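S.K.: Pasted the sequence and its predicted model underneath.
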Amino acid sequence: MSSSSEPLVTIEEKTTKERHWLRWFKYLLLSALCNGAVWGLALTYLQKTPLSFTSELIIHVAGSAPGVSVNLPSIGQANTSSGTSFGSHSDPRENYKLMATSGTILNLAAESLEIPASELGKPNVTLINNTTLLKLEVSAEDPKVAESRGWALYQALYKQLNILRSQEQTERDKSVQQILKDTRVKLTEAQNKLSGYKLGSGFNSSDQIGNLIGNMGDLQTKLINAIAEYRHKQDSLQQLVTTLRLSPQKAADALVLQTDQEFQKILTEYTDATTILTNLLPNRGRNYPDVVEARQKQQASLQALLQRGQKLLGIPIEQLSLERLILDNSNGSGVKRGDLFVQLVEINAELKGLEGQIATLKEQIKQLKAELNILTQKESIHDNLDRDLQIAQAVFASTLTKIDLSKGDPFASFPMIQIIEEPTLPEEPSAPKPKLVMAGAFVGSLFVTAGLTLLWWREPLLKVSKQIVKKAIE
């Protein structure tokens, strides 16, 4: 029995060793094939891939300019803002990124290089965070070609931006010209209305009302002074009338009689006859011849005085009135009384003059008030027309100013670009990179070897895991 079992064990051991060596051979062959494939692909890539050189350029996108405010004296104010049309959450660099990779820009750049657009390829555009910069990368098989393509791309972008700005300005001008035409028509209409009203109404400016009010003020001052003087003269006249117990007209009559030589001659005769009669009566009777003669002379003189006085004054005069009108110049009292009469007549004449002056001033003030009412109404219409003209001028001037200012800032929708770093002349190829490829192949080999190693140890690992699980269950 022992002799028969030993050959069986030997056969089993041989079979196990053969399987073990066969397994080693399989895994080594598989490892060699996989690693060879990895390294073969890497070497083939390095050999077959053409060299590529990348030129880089950095562009700065300028921000918006400050707003502009223009004051137009006596007309109005024009405001304009140079800010872009982008909101707070948008970035013009995104637009430029799309433009740089668009067919229009690529075709322009390809035309300048005299190559097909497909040969140029699309550039790689990167926005640099927290800056106003963007980076463009252009690749080619030759360093100088890459550099020239970078310049061509920048110049094509710059040219296209200028074209877009010009188109935008042209479209804006078209829309603004109609507005400018309408405002010019309104301005002309306002000017014609105001000019026509000035010609028709005779009202030119508010200075006319100011001058008229000044004249009224002067007349009112003169009227107040004249009234004050009139009242003063009136008080003086009233005092003289009370003192002389004679009206101004009677005083004037007395002066007329006093200046007439014939009347004064008759008055002298009357006075002499009266004096003689007065001296004779105390010593003689009334019928005494010389008394009768003196009385007759007195009566004749009196009658002559009354007739002469009536002739001079034009009204009948009684003896009592005549006695009050006679100024006796035989002593000083008559002269003084005559001076008072003269003063009374002069004051009365001055009062008459003041009355006429006051009436004239009142009439002038009344006329000026009527004229002021008319001018005030005209001023209201004039101011309305002038205000319409000023509004038309302000709108027209503002429109012109906005047009000029908008022409002065063509970068509102498309901000200006400036090249910060010119296209570089690459010294080393950007692809392929041998070191990176070899490192990738090495990592690939590690992964392949690690995978095969795990497959080699899978049975022992499974046995160990089963034992661990079994012990955990028990």
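M.R.: Everything's here; your move. The structure displayed is predicted, hence computed values, not measured ones. Residues are numbered from 1 along each chain as shown.
S.K.: switch to C-alpha atoms for all contacts and neighbour counts from now on
M.R.: Fine.
S.K.: Counting by contacts, list what the host helix or strand of Ser380 packs against.
M.R.: Assigned by DSSP states H and E, Ser380 falls within helix 332-408. Where contact means 3 or more Cα pairs under 8 Å, 6 or more residues apart in numbering; DSSP states H and E, helix 332-408 is packed against strand 76-80, helix 143-201, helix 207-244, helix 248-259.
S.K.: if you average pLDDT over the shortest one, what comes out?
M.R.: Computed over strand 76-80, the mean pLDDT rounds to 51.
S.K.: Need the contact partners of whatever helix or strand comes next after that strand.
M.R.: Following strand 76-80 in sequence order, the next helix or strand is helix 92-100 (DSSP H and E). Under the criterion Cα atoms under 8 Å, 6 or more residues apart in numbering, residues 61, 86, 105-106, 123, 125-127, 132-134, 153, 157, 414-415 lie in contact with helix 92-100.
S.K.: Which of those residues are buried, as a PyMOL select command?
M.R.: Of the contacts of helix 92-100, the buried ones can be selected in PyMOL as follows, counting by 16 or more other Cα atoms under 10 Å:
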select buried, resi 61+105+106+123+125+127+132+133+134+153+157+414+415
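S.K.: Just the ones of the contacts of helix 92-100 in helices?
M.R.: 105-106, 153, 157 (DSSP state H).
S.K.: Kindly reformat the residues you listed as CSV containing distance to Ala42 and pLDDT.
M.R.: Output for those, formatted as CSV (distance: Cα to Cα, whole Å; pLDDT from 0 to 100):
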residue, distance to Ala42, pLDDT
Ile105, 36, 90
Leu106, 33, 90
Leu153, 34, 92
Leu157, 38, 91
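S.K.: and the gap between Leu106 and Phe53?
M.R.: In this structure, Leu106 and Phe53 are 19 Å apart, going by Cα to Cα, to the nearest Å.
S.K.: buried sites along stretch 360-377?
M.R.: 361, 364-365, 368, 372, 375-376.
S.K.: what pLDDT, on average, does it get?
M.R.: In this model, stretch 360-377 has an average pLDDT of 86.
S.K.: same question, stretch 31-46
M.R.: 76.
S.K.: the strands in the stretch 1-150 of the chain, which residues?
M.R.: 53-61, 68-72, 76-80, 124-127, 133-140 (DSSP state E, counting those that start in this stretch).
S.K.: Domain map for this protein?
M.R.: Domain ranges of the chain: 2-49+452-473, 56-192+404-421, 215-379, per automatic domain parsing.
S.K.: Distance from the chain centre to the longest one, please.
M.R.: Taking Cα atoms, centre = their mean, to the nearest Å, one finds domain 215-379 lying 76 Å from the centre of the chain it belongs to.
S.K.: and the end-to-end length of it?
M.R.: Domain 215-379: ends 18 Å apart by Cα to Cα.
S.K.: Can you add distance to Ala394 and give the domains of the chain back as a markdown table?
M.R.: Formatted as a markdown table, the domains of the chain follow (distance: least, Cα to Cα, whole Å):
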| stretch | distance to Ala394 |
| --- | --- |
| domain 2-49+452-473 | 70 |
| domain 56-192+404-421 | 5 |
| domain 215-379 | 21 |
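S.K.: Would you single out the least confident of those?
M.R.: Lowest mean pLDDT within the domains of the chain: domain 2-49+452-473, a mean of 69.
S.K.: ok, Ile209 touching Leu372?
M.R.: Yes - between Ile209 and Leu372 there is a contact under Cα atoms under 8 Å: 6.8 Å.
S.K.: got a list of what Gln220 touches?
M.R.: 361, 365.
S.K.: what separates it from Glu229, distance-wise?
M.R.: Distance from Gln220 to Glu229, by Cα to Cα: 14 Å.
S.K.: Contact partners for Ile227?
M.R.: Going by Cα under 8 Å, 6+ apart, the list of residues near Ile227 reads 354, 358.
S.K.: Just give me the neighbour total for Ile473.
M.R.: By other Cα atoms under 10 Å, 7 other residues sit near Ile473.
S.K.: no no, Ile163
M.R.: Neighbour tally, Ile163, other Cα under 10 Å: 12.
S.K.: just Lys352 next, same as before
M.R.: Counted with other Cα under 10 Å, Lys352 comes out at 13.
S.K.: Kindly report the same for Gly150.
M.R.: Residues near Gly150, counting by other Cα under 10 Å, number 26.
S.K.: Surely it is in contact with Ile59?
M.R.: No - using Cα under 8 Å as the test, Gly150 is too far from Ile59 to be in contact (11.5 Å).
S.K.: which residues do those two both contact?
M.R.: Leu136.
S.K.: What separation do you get for Ser52 and Val292?
M.R.: 170 Å.
S.K.: Mind checking which of the two has more residues around it?
M.R.: Of the pair Ser52 and Val292, Ser52 is the one with more neighbours under other Cα under 10 Å, namely 19 against 15.
S.K.: Report the beta-bridge partners for the more buried one.
M.R.: Listed by DSSP bridges, the beta-bridge partners for Ser52 are Ala431.
S.K.: correct me, but it touches Lys144?
M.R.: No - look at Ser52 against Lys144 with Cα under 8 Å: they stay out of range, at 11.6 Å.
S.K.: Identify whichever of the domains of the chain lies nearest to Gly202.
M.R.: domain 215-379 (9.1 Å; Cα to Cα).
S.K.: any idea of the angle the helix holding Ser380 forms with helix 143-201?
M.R.: Angle, helix 332-408 to helix 143-201, by axes from the mean of the first three to the mean of the last three Cα atoms, to 10 degrees: 150 degrees.
S.K.: what's the angle from helix 332-408 to helix 207-244?
M.R.: Helix 332-408 runs at 170 degrees relative to helix 207-244, counting by the same axes, to 10 degrees.
S.K.: Enumerate the positions of whichever strand or helix holds Ala439 that are buried.
M.R.: For Ala439, the element it lies in under DSSP H and E is helix 434-456. Buried positions in helix 434-456, judged by neighbour count with 16+ other Cα under 10 Å: 437-438, 441-442, 444-445, 448-449, 452.
S.K.: Dump these into TSV; add distance to Met99 as well.
M.R.: Output for the buried residues of helix 434-456, formatted as TSV (distance: Cα to Cα, whole Å):
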residue	distance to Met99
Val437	34
Met438	37
Ala441	39
Phe442	41
Gly444	40
Ser445	44
Val448	45
Thr449	48
Leu452	51
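S.K.: Show me the two of those residues that sit farthest apart.
M.R.: Using Cα to Cα, the two most remote members of the buried residues of helix 434-456 are Val437 and Leu452, lying 22.5 Å apart.
S.K.: Got the phi and psi for Asn129?
M.R.: Backbone torsions for Asn129, taken as degrees, to the nearest 10, come to phi -60, psi 150.
S.K.: Could you check how many residues crowd around it?
M.R.: Residues lying near Asn129 (other Cα under 10 Å) number 8.
S.K.: got it, and Ser31?
M.R.: 18.
S.K.: go on, Ala412?
M.R.: 19.
S.K.: where does it fall, helix, sheet strand or coil?
M.R.: Here Ala412 is recorded as coil under DSSP: H, G, I helix; E, B strand; the rest coil.
S.K.: I'd like the distance between it and Gln169.
M.R.: Applying Cα to Cα, the value for Ala412 to Gln169 is 10 Å.
S.K.: Show me what the nearest residue to Lys135 once chain neighbours are set aside bridges to in the sheet.
M.R.: Here the nearest residue to Lys135 in space, its sequence neighbours aside, is Ile58; by Cα to Cα, 6 or more residues apart in numbering that works out to 4.5 Å. When bridges are called by DSSP bridges, Ile58 pairs up with Lys135, Glu421.
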